[in-house]
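Participant: Sequence and predicted structure, then a few things I'm wondering about:
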Amino acid sequence: MDENKQINNNESNPNSTSKNNKRYKYKNHRKKPLDASRNETDSLKTNPNSPSSKESVENKVEKKKKKNRNLPSKLTGNEEWQIALAESIEANRICHENRLHPLKYNNSSDHKIRITPLGGLGEIGGNISVFETNKDAIIIDIGMSFPDGTMHGVDIIIPDFDYVRKIKDKIRGIIITHAHEDHIGAVPYFFKEFQFPIYATPLALGMISNKFEEHGLKAERKWFRPVEKRRIYEIGEFNIEWIHITHSIIDASALAIKTKAGTIIHTGDFKIDQTPIDGYPTDLGRLAHYGEEGVLCLLSDSTNSYKEGYTKSESSVGPTFDQIFARTKGRVIMSTFSSNIHRVYQAITYGLKYGRKICVIGRSMERNLYTTMELGYIKLDRKIFIDADEVSKYKDNEVLIVTTGSQGETMSALYRMATDEHKFIKIKPTDQIIISAKAIPGNEASVSAVLDYLLKAGAKVAYQEFSEIHVSGHASIEEQKLMLILTKPKFFLPVHGEYNHITKHKETAMKCGIPERNIYLMSDGDQVELCQKYVKRIKTVKTGKVFVDNQINKQIADDVVIDRQKLADSGIVVIIAQLNKATKTLINKPRVFSYGLVADKHDHAFSKDMAEVLGQFFANIKDEVLNDPKFLENQIRQVLRKHIFRKIKKYPTIVPTIFIM
């Protein structure tokens, strides 16, 4: 058999046929015919990279046919039919094997690539990962995450860039999948230290531009590189294509990353919405194209890995909005994520249907909406909008307020309305509140607090009792399966989510035919090496979190956050005392102040107790200890902490000030 007729993994489905016996492949994103002769065994050929020790499928088939031709001529037609049937069954089995596992026999280890997640695993948010060869590296997404209730005074959390510092000379660019905060929120903090080209779709760059303006980084926009989907960009040793996918934000992308080691598909955050608001469904054809070529590894969104079935379309929220608007006689106040522009667009559309003026409140909401309008992603007449100070000029049934605060953020517009702190908007009993979002893990208490405030003000609140007031932007199990089947990866790395999410995603992948040995569950800092032969962890790099006060856009030192946690958990004790060095006795009673430890009514008894412990301590102290003030303070702390723990079971922060006379 002519070698030129071997199946090439870079061609489209070898089983496809045309009227003129021609095959097609992608080139410059247009189908062009390539002349190629075919015969009945073309579809049965094994991977050209299969080991030479394995007998080719063509030879197997030809031998069977030759053997069958040499059978005695007395074979009946029924026997010949049975032999032909057996040949067909075997040929189809081999065809399916090659179709579903196009890289099964590719076992070269000549080229390798390393993938290192620095955030986004074991957590929701903070996504950042590094892809690197021996020569070049790229960074995919630089996101932020939200603090939990123990991180007092912390507004956002960004990744530790320690590993980036070590390889900064190799980095050729930053690749952005989409414009959600957990994928771009840390970019301005990153750019205060590093500068590399940022490759992203126009909306993502527009939202990053807004952040740069807030942080005084306007000049850094020179690093922006707008990309076109279905076009390949050469970035160092990486050839990258942005593939359109649907998510809860406009213009999201998956990535096809072509390297010498093989093609890697990174889904970013996705769902497969067949009826999206903008009419642009996920580019399943392009994903299938790479699956036919052969995908070395798939990195796929695991956020909804426990959710059965399919995630509902974003358009399913519209009828619920229509129902609520139709029956509401007062104002409608709708809150959602500021980046979910299609959700906002739907609310505005139904607001206009019922003759309402639109008031957008919240800095991030305003900037994202107007940026999207300026870039032409949505079309709205600016005359429909009114300012917050104009709301009182209109009847309640003529107003729709779109605002931030769906996560219960204390500085958000909805929170300030709920607590009667907003300058222009006060909650009324006739108001209809729509919270069109689900609480991010860790924000449940904050959202619950806002709900309580709104209900106490007498407003009606539509939240989770409406099944379609909010739909997820992440793929459920059946969509995850479809992604796996379309791309047919040799190796699988589930990403985006807590460890239980990626574990569940692993189970789904195994049901789709990926061997368990070809799946690796990464944690932040795991450096995974990939080649055609294997996937394995080769080392662990330093990762961590940096705490940020968003009011001043500056980092909070780790020890400050730790001190705040200790103070909140165990309180503080301040002691001021005078000591007679000669007699080793206290001069007067020491002054004792405690906060967060005992109730005010017990302060006197607590002070007396501390004085007795100190008196006993000084009575037995050695002279050399009195000559070392720092050692003396440490000894006092240890004695008092042990005593307090025996009494109260807390280890408070103790601040002793001792004057030795």
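Facilitator: All right, it came through fine. All values derive from a computational prediction rather than experimental measurement. Numbering: from 1, shown residues only.
Participant: Output the contacting helices and strands for the host helix or strand of Val574.
Facilitator: Per DSSP states H and E: Val574 is located in strand 572-580. Counting contacts by 3 or more CB pairs under 8 Å, 6 or more residues apart in numbering; DSSP states H and E, strand 572-580 packs against strand 585-595, helix 603-619, helix 629-648, strand 653-660. All C-beta atoms are positioned from the backbone trio N, CA, C, and that covers glycine.
Participant: Make TSV from the ones you listed and add distance to Tyr354 and mean neighbour count to it.
Facilitator: Listed next are those as TSV, based on distance: least, CB to CB, whole Å; neighbours: other CB atoms under 10 Å:
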stretch	distance to Tyr354	mean neighbour count
strand 585-595	53	15
helix 603-619	60	16
helix 629-648	59	15
strand 653-660	57	15
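Participant: Return the residues in contact with Ser218.
Facilitator: Quick fix: residue 218 is Lys, not Ser. Counting by CB atoms under 8 Å, 6 or more residues apart in numbering, Lys218 touches Phe212.
Participant: hang on, Ser364 packs against Thr404?
Facilitator: Yes: the pair Ser364 and Thr404 qualifies as a contact (CB atoms under 8 Å) at a distance of 5.9 Å.
Participant: which non-adjacent residue is nearest Thr372?
Facilitator: Nearest residue to Thr372 in three dimensions, chain neighbours excluded: Ile341, at 4.8 Å (CB to CB, 6 or more residues apart in numbering).
Participant: hang on, I meant Asp387
Facilitator: Nearest residue to Asp387, sequence neighbours excluded (CB to CB, 6+ apart): Cys359, at 7.0 Å.
Participant: Just checking: what are the partner strands of the helix or strand harbouring the one you found?
Facilitator: Per DSSP H and E: Cys359 is located in strand 357-361. Take DSSP bridges as the rule and strand 357-361 pairs in its sheet with strand 385-386 (parallel), strand 399-403 (parallel).
Participant: Of those strands, flag the one that's most buried.
Facilitator: strand 399-403 (a mean of 26; mean count of other CB atoms under 10 Å).
Participant: can you list the weak-confidence ranges in the chain?
Facilitator: For the chain, residues meeting the criterion pLDDT under 70 lie at 1-77, 442, 465-467.
Participant: thinking again about what came up before, adding distance to Ala445, write the helices and strands packed on strand 572-580 out as a markdown table.
Facilitator: Conversion of the helices and strands packed on strand 572-580 to a markdown table gives the following (distance: least, CB to CB, whole Å):
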| stretch | distance to Ala445 |
| --- | --- |
| strand 585-595 | 23 |
| helix 603-619 | 30 |
| helix 629-648 | 26 |
| strand 653-660 | 25 |
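Participant: and of the ones you listed, who's closest to Thr150?
Facilitator: Proximity to Thr150, assessed across the helices and strands packed on strand 572-580 by CB to CB, is greatest for strand 653-660 (15.7 Å).
Participant: Next, the angle strand 572-580 makes with that closest one.
Facilitator: Put simply, strand 653-660 runs at 10 degrees to strand 572-580, going by axes from the mean of the first three to the mean of the last three CA atoms, to 10 degrees.
Participant: Between helix 629-648 and strand 653-660, find me the angle.
Facilitator: Here the directions of strand 653-660 and helix 629-648 differ by 130 degrees (the same axes, to 10 degrees).
Participant: where do the strands sit along the stretch 151-300 of the chain?
Facilitator: Secondary structure of the stretch 151-300 of the chain, counting by DSSP state E, counting those that start in this stretch: strands at 156-159, 171-175, 198-200, 224-226, 232-235, 238-244, 253-258, 263-266, 295-301.
Participant: Which of the ones you listed sits closest to Ile434?
Facilitator: For the strands of the stretch 151-300 of the chain, proximity to Ile434 was assessed by CB to CB; strand 156-159 is nearest, at 25.8 Å.
Participant: For the strand holding Val574, which residues meet the burial criterion?
Facilitator: Within strand 572-580, the residues scored as buried using 16 or more other CB atoms under 10 Å are 572-573, 575, 577-579.
Participant: How about stretch 235-245?
Facilitator: Neighbour counts over stretch 235-245 (16+ other CB under 10 Å) mark 235-238, 240-245 as buried.
Participant: out of those, who's nearest Leu100?
Facilitator: When the buried residues of stretch 235-245 are compared for distance to Leu100 (CB to CB), Ile243 wins out at 21.1 Å.
Participant: Pull the number of nearby residues for the nearest residue to that closest one once chain neighbours are set aside.
Facilitator: Using CB to CB, 6+ apart and skipping residues adjacent in sequence, the residue nearest Ile243 is Ala254, 4.4 Å away. Other residues near Ala254 number 30, with proximity taken as other CB atoms under 10 Å.
Participant: tell me the contacts of Ala254?
Facilitator: Counting by CB under 8 Å, 6+ apart, Ala254 touches 177, 242-245, 265-268, 270, 287.
Participant: repeat that for 6 Å
Facilitator: Each residue near Ala254 by CB atoms under 6 Å, 6 or more residues apart in numbering is listed here: 243, 245, 267-268.
Participant: now swap in Ser335 and tell me
Facilitator: The contact partners of Ser335, taken as CB under 6 Å, 6+ apart, are 403, 405-406, 414, 435.
Participant: Go again with 8 Å.
Facilitator: With contacts defined as CB under 8 Å, 6+ apart, Ser335 is in contact with 402-406, 414, 433-437.
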